[in-house]
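# the following block contains a protein sequence and its predicted model.
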Amino acid sequence: MKGDLFSSQHVVQPPAGPGMSVENAKCIRYTVDGEMHARQGAMVAYRGNLQFERKGQGVGGMLKRAVTGEGLPLMAVRGQGEAWFAHEAQNCFIVDVEAGDRFTVNGRNVLCFDASLSYEIKTVKGSGIAGGGLFNSVFSGQGRLGLVCDGNPLVIPVSAQAPVYVDTDAVVGWTAHLQTSLHRSQSIGSMLRGGSGEAVQLMLQGEGFVVVRPSELTPQKAQQH
């Protein structure tokens, strides 16, 4: 076959080694030799001897997910082979989590990750009930984490002298050692008069980075996730 479709730009190349790699802007390839974890329904193709199994979170984890609406519907992928993962043609990125690191990320942005990483669902500190239930997944351990983002993410440095305020519907995640709290950017009187539509933001303080998607989560997209 000939044509642009069959050019080297689109045809997958032999894997460079085991583990996770970015196949293209919209897809992550994972060369499996043992076990890895991925978002349920995110596998778009595979080859080799692989088994896919829905991964339970335990009674406590499932209860927390039901209460918060957060959580990761995961599957375990076991065996030897290659699998490709994608989600709604969103852009894909890889984060290397080092030993001792903790990376907080919104569950809707998780695509796949090494089995050596662990995660737990936590309330965003300072959000409370007034924050609409801000719950994120905190990853720790040592390994690689594959993320998706609707568009190219903004990675904004945070310093003690320059805290960053982000829309709660746009935040993807942030690094360890950042403190969070809710910030109200307009008065109650302004809200009653209509306001700007940007009443409450998540304030991050400390030293690190916050990752933001270049668009807010619309109600239609929220239902899809």
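Happy to help now that I have it. In this text the structure is predicted, and so the values were computed from the model without any measurement.

# next secondary structure after the helix or strand hosting Asn136?
For Asn136, the host element (DSSP states H and E) is strand 135-141. For strand 135-141, the following helix or strand on the C-terminal side (DSSP H and E) is strand 143-149.

# what is that next one packed up against?
Packing partners of strand 143-149 (3 or more Cβ pairs under 8 Å, 6 or more residues apart in numbering; DSSP states H and E): strand 19-24, strand 91-97, strand 102-105, strand 110-114, strand 117-123, strand 171-175. Placement of C-beta: from N, CA and C, glycine included.

# that strand pairs with which strands, and in what direction?
If you go by DSSP bridges, strand 143-149 pairs up with strand 91-97 (antiparallel), strand 110-114 (antiparallel).

# tabulate the helices and strands packed on strand 143-149 (CSV), appending mean pLDDT.
Conversion of those to CSV gives the following (pLDDT from 0 to 100):
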stretch, mean pLDDT
strand 19-24, 94
strand 91-97, 96
strand 102-105, 94
strand 110-114, 95
strand 117-123, 85
strand 171-175, 94
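
# what's the closest of these to Asn136?
The closest of the helices and strands packed on strand 143-149 to Asn136 is strand 102-105. By Cβ to Cβ, the value is 4.9 Å.

# which other helices and strands does the closest one contact?
Strand 102-105 is packed against strand 135-141, strand 143-149, strand 171-175, with contacts defined by 3+ Cβ pairs under 8 Å, 6+ apart.

# reformat the ones you listed as a markdown table; add mean neighbour count and distance to Ala86.
A markdown table is the format used below for the helices and strands packed on strand 102-105 (neighbours: other Cβ atoms under 10 Å; distance: least, Cβ to Cβ, whole Å):
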| stretch | mean neighbour count | distance to Ala86 |
| --- | --- | --- |
| strand 135-141 | 20 | 20 |
| strand 143-149 | 23 | 8 |
| strand 171-175 | 24 | 17 |
